[in-house]
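J.: With the input below, show me the fold.
(2 chains)
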Amino acid sequence: AQKVTQAQTEISVVEKEDVTLDCVYETRDTTYYLFWYKQPPSGELVFLIRRNSFDEQNEISGRYSWNFQKSTSSFNFTITASQVVDSAVYFCALRTNSGYALNFGKGTSLLVTP
Amino acid sequence: GAGVSQSPSNKVTEKGKDVELRCDPISGHTALYWYRQSLGQGLEFLIYFQGNSAPDKSGLPSDRFSAERTGGSVSTLTIQRTQQEDSAVYLCASSVGLGGTQYFGPGTRLTVL
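T.: Below you'll find the predicted structure:
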């Protein structure tokens, strides 16, 4: 069975704070793919990053960074110096080689206030 | 280039009526997916298509739901005899082949009264 857990339902921070969104996954497959998507108030899911199970290198893109740790089955997402425009619901997702559907976590709602 | 487009953006219907939701994938993307997003269930996979292959319908919740993809491009999701529990946002995504990163459209918000 595959499962993605985003334990944080809602997070509220003040602008310029750093914030980390947690994602823990479960799968028995040895090859799998992890994703983060952002869903702003407009509703459209925006792709942020994709990671393959065989590549544990952390990734940084501007203010965004991702920490992939197979030992703890986690794929956490950090926003540095948060901005109001970062306010959105963030979803972590998992796909394995057993199929092509994405298994999504329940999402974390991030509110950044001025 | 243009992203995934969906129509209508909003649909209100009465219980028992049939509805059709349309998805236009990104040009050149051969794989197309439908998901449903509701408050209670989160984001759920419904069906996907790849080229002319038989679709994977494993996520369709009942036989009232069906989908087709004509000419390997546009897809229509049909819900027959709608029920109130069908109220949700229906999201379409496409990718360059199965296994590619999925890019999502803006969704269709369906409300069944």
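J.: can we go C-alpha only for contacts and neighbour counts from here?
T.: Noted.
J.: which ones are touching the spatially closest residue to B:Ser75 that is not a sequence neighbour?
T.: Spatial nearest neighbour of B:Ser75, chain neighbours left out: B:Arg69 (4.2 Å); criterion: C-alpha to C-alpha, 6 or more residues apart in numbering or on different chains. For B:Arg69, the contact set (C-alpha atoms under 8 Å, 6 or more residues apart in numbering or on different chains) comprises B:49, B:75-76.
J.: repeat that for 10 Å
T.: By C-alpha atoms under 10 Å, 6 or more residues apart in numbering or on different chains, the contact list for B:Arg69 reads B:22-24, B:32, B:48-52, B:55, B:75-77.
J.: Could you turn the buried ones of those into a ChimeraX selection?
T.: Buried residues among the contacts of B:Arg69 (16 or more other C-alpha atoms under 10 Å in any protein chain shown), as a ChimeraX selection:
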select /B:22,23,24,32,48,49,50,51,55,75,76,77
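J.: Turn the contacts of B:Arg69 into JSON lines, including pLDDT.
T.: JSON lines is the format used below for the contacts of B:Arg69 (pLDDT from 0 to 100):
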{"residue": "B:Arg22", "pLDDT": "97"}
{"residue": "B:Cys23", "pLDDT": "97"}
{"residue": "B:Asp24", "pLDDT": "96"}
{"residue": "B:Leu32", "pLDDT": "96"}
{"residue": "B:Tyr48", "pLDDT": "94"}
{"residue": "B:Phe49", "pLDDT": "92"}
{"residue": "B:Gln50", "pLDDT": "90"}
{"residue": "B:Gly51", "pLDDT": "84"}
{"residue": "B:Asn52", "pLDDT": "81"}
{"residue": "B:Pro55", "pLDDT": "88"}
{"residue": "B:Ser75", "pLDDT": "96"}
{"residue": "B:Thr76", "pLDDT": "97"}
{"residue": "B:Leu77", "pLDDT": "97"}
